[in-house]
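Student: the sequence and its predicted three-dimensional model are supplied below.
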Amino acid sequence: MSKFGLYNVVLKDLNDEPRITEFILDNDYFKKIDSPEVQKGNVKAKVTARKKNQAFEIDFLIEGTVLIPCDRCLDDMEQPISYKEKLQVKFGDKFSEEDEIVIVPESEGAINIAWFLYEFILLNIPLKHVHAPGECNKTMVTKLKRHITRSKDDVDTDIEDDDDDLEIDDSPMDPRWEGLQNILDNN
């Protein structure tokens with residue numbers, strides 16, 4: 001059995017009754033996926049497959065948490081996952097994705113959903129992920145404070161609003177870097 005054989009959903013013997021399968025996506029699953037975005041987590045996926053005329057409909061309900069690095073302090077943070085998705089599947093000659101329909105070889109009669117599950121989890125992670133205010137690594141926040149050299153008016157308001165501990169260093173800028181500041185001001 002391949003490393004993702006557990007995630008095969010057999011469609012060829014599906015009758016009128018829906019087939020419900022539950023998967024636990026734990027650290028071993030994320031390690032097998034071997035992708036840098038998410039490497040740890042505990043997510044439960046409920047997958048319901050049903051036959052619809054000459055096609056199949058697969059419903060996904062995904063809930064749990066994954067560990068991802070905080071954009072500000074780089075420490076791991078828990079990101080809750082709650083996602084619903086539908087996938088339309090048809091049999092064909094070879095595997096392909098056309099519009100919103102996935103074609104799987106009729107000779108195989110099954111679809112492997114391991115990567116679909118992972119992609120659905122990634123879709124549920126916001127672009128910006130930071131700890132709640134006050135929960136970032138204090139050492140890293142202190143280092144970040146030292147390296148912010150722009151005036152308080154120029155600072156990204158998201159940083160200012162998200163963490164009251166983060167203050168701006170108003171000390172004069174090193175003259176060697178003043179030329180680079182012009183680049184920031186002109187963009």
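Tutor: In hand now; what should we look at?

Student: Glu106 touches Val89, doesn't it?
Tutor: No - between Glu106 and Val89 there is no contact under C-beta atoms under 8 Å: 11.2 Å. To be clear about C-beta, it is placed using only N, CA and C from the backbone, and glycine gets the same treatment.

Student: the two: who's more crowded?
Tutor: Val89 (20 against 13; other C-beta atoms under 10 Å).

Student: okay, Ala55 and His147: tell me how far apart.
Tutor: 55 Å (C-beta to C-beta, to the nearest Å).

Student: what does Asp71 give?
Tutor: According to C-beta to C-beta, Asp71 stands 15 Å off from His147.

Student: among the two, which residue is more densely surrounded?
Tutor: Per other C-beta under 10 Å, whichever of Asp71 and His147 has more neighbours is Asp71, with 16 against 7.

Student: pLDDT (mean, whole number) over stretch 76-88?
Tutor: In this model, stretch 76-88 has an average pLDDT of 94.

Student: residues in contact with that stretch?
Tutor: 40-41, 43, 55-70, 100-102, 113, 116, 120-121, 123-126, 129-131, 135 (C-beta atoms under 8 Å, 6 or more residues apart in numbering).

Student: what does stretch 20-29 give?
Tutor: For stretch 20-29, the surrounding residues in contact (C-beta under 8 Å, 6+ apart) are 6-7, 9, 39-49, 64, 114, 117, 121.

Student: what is the end-to-end distance of it?
Tutor: End-to-end distance for stretch 20-29: 20 Å, by C-alpha to C-alpha, to the nearest Å.

Student: same check, this time on stretch 66-80
Tutor: Using C-alpha to C-alpha, the end-to-end distance of stretch 66-80 comes out at 7 Å.

Student: please spell out which residues along it are buried.
Tutor: Val66, Leu67, Ile68, Cys70, Asp71, Arg72, Cys73, Met77, Gln79 (16 or more other C-beta atoms under 10 Å).

Student: which one of those residues is nearest to Met173?
Tutor: In terms of C-beta to C-beta, no member of those lies closer to Met173 than Arg72, at 22.5 Å.
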